[in-house]
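# Give me coordinates for this.
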Amino acid sequence: LLQDHPLLTWASYRDKFLDESLRLAGCGSVLEETTHCPGCQQDVPATFRCRECVGQEMICKECMCARHLRMPLHMIEVWNGEFFARTTLEQLGICVQLGHPPGITCAYRFSPRKSFTVLHTNGIHKVDLYFCGCSGVEQWTQLRRFGWWPATPLEPQTAATSQVLKQFHLLSLQGKVTGFNYYRALELQTDNTGLLHLPDRLSSFMNIIRQYRHIQMMKRAGRGHAIDGIGGTQPGECAVLCPACPQPGLNLSDDWVDAPASEQWIYRRIIAMDANFRLKNKLRSSAANDPGFHTGLAYFVPEEGYNEHVSNYATQEEVRLLSRCSGFAAIAKANTKNTKGLRATGVGAVSCAKHEYWLPNGLGDLQKGERYCNMDYIFWSSLRGMQNTALLVSYDIACQWSKNVWERMEEAPPELQIRLDHVAVDFAIPKFHLPAHGGPCQVPYSFNYKTGVGMTDGESPERNWASLNGAANSTKEMGPGARHDTLDDHCGHANWRRVVKTGASNWTSIVRRMKAAVLNTTEQVEIFEEFTGKLIAEREEQVPGWITLVEAWDAGDHSENPYECDNESSTISEERLRLAQEEAEHEAAGTLDSAGPGRSAFLLLAMDIEDLQCVHCCQRRLEADVTALQQAQTQEARSSLLRLIFKFRTEQEARMPNIGEQYEIDDTLLSATPEKIKLYLPSDLPSEIRNRHCSAELSNIEGRLRYAQACDALDELRRHLRIRTYLNQYKLKNITGQHANTRARGLQARVDQKVRAAAARYRRCRVAYFSLVGPGDWEFRLQVLNDEDIRGLGERGVRDRELSEIELTRNWNNPERIEEGGLNPGESTRVISWLWFAVGLSADSTDPGLHNALRVEWAKARARAKRWHEEVRRIQHEMLNILRYCSTLSRRWTLARRTRAAAVDQEQYQARVPDRALAEGLQAFALRQAHMFEQLRRSFNDQWTFIRRDAEVFLSAHPRVRYPDGVAA
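Just a heads-up that it's a prediction; the model follows:
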């Protein structure tokens, strides 16, 4: 249908639209059909028209001036007999008189201010301006009361209208438009030919914008209604607070502290920390020449205390640099590079982990990387005045940062220190970042196993950075004060938009979150209850122990982990120690045969040679373009490897009789390429001839070493995959530019090479072990490693992507095939590689590995059911918190016009509010704000009525996640 393709419909009208556009360039038949002005009906030519007025009617000069006494910034054109030429109201004789109604001239007016520059949404204007001399009001005040913002209070020559300021303000916040580009657009809108000389008022416009941002923030924070004014603003007072997070005195009832201990998780604050290295700042100006108007009063930390703390503790050695968690040492080093010419290498921030609100005093500049002294102070500042009794902190390096955070807190100013006897603090790692960490971090710091967090993922800073990064290019070039004011403004805008969109009908709305939570809770609770019932029927004696274990974990006893299987693998070092101890025992007992001593060392030498051969094979694939020096180094390494093989052969002849008949021909032919020489260990020999060349004990020892080496290779492979995952995430988040990307790709290439080496070592060991022991239950633990299995927890297999792309290409013209889910189903059904399972299941129902795996799966099913059930309850309380938040602010604004005046001395009030007009303005603004919050409350309540009722019905039927016997889980 044509209405489904509006542009195709319009395409047939293009010529007609073009004709009508050209028609407007002329005066039509107006001058031919009439000789009098339609405005005054006088017999005078109507040759003027206004581009801003509706209809663009042509009238005479006198009518044009009369109509535009109240609209002095409209664009005027005059018909010169051939075309419309531009003119101005200033040229027509219009003068703007301040302090009096339009058309009234002040008897005591000052001399006219000729060519006064005014910036408006339609361009840059010059006007003749008269200031009133009878009122005694200062010139800049007259401009403000007229609706224009002067560039300076001292003899102003430039002003901007309220309309242009509001327009740019919204464009900069929503579209990240820079002041430079907006001003240049105003110039082009005024004259796009370059023939008209326009005054350069860019610096004045930028100053006005900073003033406008500051005053808007102070006005909305209620500082105009405070007797002590802007000077009495407290740190963080101008920030827009999260309406959903539990905050005593704002959106909680007075009896929240009396809630039972089992319900206190509802009132726990959950915050998230992170750093962003795209928000850099160059060394432009200084804090003395460019101070921030509200630095420390909104989202950035107060500069004085922050800089003093950083300067005192920036040189301390940080544990993070020595961290063994995957990739952090390399990333920490990368963060401290390329700091030349930068005042700040990035920004550290603290935000609400659930709802993504920036916290008051939760941002701070990072002078050189993500140092503890910076992040500590930002963390402490963001908690200033917190009254909650429980806190959960999400941070991508929480495993290291949290170790000594309370010892470091003793270095903080007293007003920022947290009383740990009043606040219970726990730490977690964001879900997307957790796979990059080592095994010991996976469960203790996982949101999945933290009581009371619901479905919080801790990744709110990443989503916040995505919107704030749009301002990175412009703020990089600003002075320190302008940058802080601008970023504060962007954070305030982001917070306020979240307040307004709380009731929006989009995928992030609270209603959709509640519907999803109820559906998933129902599903997960049914799965858990059914799973538990079957386990009790089959393993009644084991389940009570699992319940005790998992409830102890929830209570804080982490001595035994219910979410991990016992590690039954063996490392090569442990196996080597056991073999040495066994040899020592046999030698002491006199039962060691003549070939016994040094058998494990002999086999370990062979394994080292295999690793070296693998390295040389990799180098051969890269020899296409090498220098003479590199060729010489390669040849020297081959000669060294060949000497090592000859040493091995000498000992092999003593330990493996008649083995020379197997390798003699190979060694002669392959001496030039020692990386291809076969060592002929017991695992390399066919089983039918193995006993002729080596003892069963030697085969057994190699089997034990091969198994341990395979386990070591798997651990190494997992570690490098975690590093690769973290590096990929870091590169996407922080790296921009060709130079930085080239360096990052080089680091990624080195890690990929280590991944391939570990995979090759595992495959080699598994093949050897299979040759020695044959098939068995061990194959469930050491499975075949395919290329698609080599991926991290957050990565898809390369083959999966290739197949999905091929399938998409084949079915591009078959939408039904795509909608049926025939393509890659996505993250929700992605299969995790077997590498990341702690233990493989055998077919034996009495196998301890199976018991452990069932316990882990049961504990995780319980955790999923509880987290979704908590999500329903959290959203229910969030709705109530938001409604209370709106009511509280509405009540505060309603009382602002009365209580602030009554609470202080009347003389002080008169000094602050000297005239009736200001008092009326204060009252009107306060009542408007109160009305707005009341309307928001009513709107939210109307939208949530049914979903809140459905949630109450659901929770009354499912007040707890329960075991089959009815006991709460």
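# can you give me the strands in the stretch 851-969 of the chain?
Counting by DSSP state E, counting those that start in this stretch, the stretch 851-969 of the chain has no strands to list.
# right, and A759 touches I790 too?
Yes. Contact criterion Cβ atoms under 8 Å: A759 and I790 qualify, at 5.6 Å. Yep, even glycine has a C-beta here, placed from its N, CA and C like the rest.
# residues shared between the contacts of those two?
L717 (Cβ atoms under 8 Å, 6 or more residues apart in numbering).
# dump the residue contacts of the nearest residue to E410 once chain neighbours are set aside.
Leaving out its chain neighbours, the residue that sits closest to E410 by Cβ to Cβ, 6 or more residues apart in numbering is Q417, at 7.5 Å. Going by Cβ under 8 Å, 6+ apart, Q417 touches 380, 409-410.
# cool, and V164?
119-121, 186.
# So which residues of the stretch 1-150 of the chain form helices?
6-11, 14-23, 30-33, 61-67, 139-146 (DSSP state H, counting those that start in this stretch).
# try the stretch 301-450 of the chain
Under DSSP H, counting those that start in this stretch, the stretch 301-450 of the chain gives helices at 303-313, 328-335, 372-382, 398-401, 405-409, 439-442.
# looking at those helices, which has the lowest confidence?
Comparing mean pLDDT over the helices of the stretch 301-450 of the chain, the weakest stretch is helix 328-335, at a mean of 50.
# If you count neighbours, what's buried in stretch 402-415?
Neighbour-count burial for stretch 402-415 flags 402, 405, 408, 412 (criterion: 16 or more other Cβ atoms under 10 Å).
# Please verify my assumption that the second one contacts Y377.
So the one you mean is V405. No. Shown here, V405 and Y377 do not form a contact pair, counting by Cβ under 8 Å, at 11.6 Å.
# Closest one to R718 out of the contacts of Q417, please.
M409 (34.8 Å; Cβ to Cβ).
# quick one: contacts for N251?
Per Cβ under 8 Å, 6+ apart, neighbours of N251: 243-244, 880-882, 884-885, 888.
# Just flag the most distant two among these.
A244 and T888 (13.4 Å).
# more neighbours, those two?
Shown here are A244 and T888; by other Cβ atoms under 10 Å, A244 has more neighbours (24 against 18).
# so who does the more buried one touch?
Neighbour list for A244: 251, 352, 354-355, 502, 510, 878, 881-882, 885 [criterion: Cβ under 8 Å, 6+ apart].
# ok, those vs K676, which is closest?
Distances from K676 to those, taken by Cβ to Cβ, are shortest for K354, at 59.0 Å.
# ok, of the buried residues of stretch 402-415, which one's closest to R70?
Nearest member of these to R70, counting by Cβ to Cβ, is A412, at 57.9 Å.
# Find the residue closest to the closest one in space, skipping its chain neighbours.
Nearest to A412 is W380, by Cβ to Cβ, 6+ apart, at 5.1 Å.
# can you tell me how far that neighbour sits from E308?
14 Å (Cβ to Cβ, to the nearest Å).
# Of those two, which one has the most company?
W380 (23 against 12).
# Contacts only, for the more buried one.
Contacts of W380 by Cβ under 8 Å, 6+ apart are 409, 412, 416-418.
# can we see that at 7 Å?
Residues near W380 by Cβ atoms under 7 Å, 6 or more residues apart in numbering: 409, 412, 416.
# Read off the pLDDT value for the residue nearest to R269 when sequence neighbours are not counted.
Of all residues not flanking R269 in the chain, N388 sits nearest, at 4.7 Å (Cβ to Cβ, 6+ apart). N388 carries a pLDDT value of 90.
# Now for the closest residue to T233 other than its chain neighbours: which residues touch it?
Closest residue to T233 apart from its sequence neighbours, by Cβ to Cβ, 6+ apart: L297 at 4.9 Å. Each residue near L297 by Cβ under 7 Å, 6+ apart is listed here: 233, 235, 237-238.
# These: which two are farthest apart?
Across these, no pair lies farther apart than P235 and C238, at 9.5 Å, counting by Cβ to Cβ.
# Who has more neighbours out of the two?
C238 (23 against 19).
# wait, isn't the more buried one in contact with A226?
No. Counting by Cβ atoms under 7 Å, C238 stays clear of A226, with 11.7 Å between them.
# Generate JSON lines for the contacts of W380, with distance to L342 as supplementary columns.
Listed next are the contacts of W380 as JSON lines, based on distance: Cβ to Cβ, whole Å:
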{"residue": "M409", "distance to L342": "29"}
{"residue": "A412", "distance to L342": "26"}
{"residue": "L416", "distance to L342": "27"}
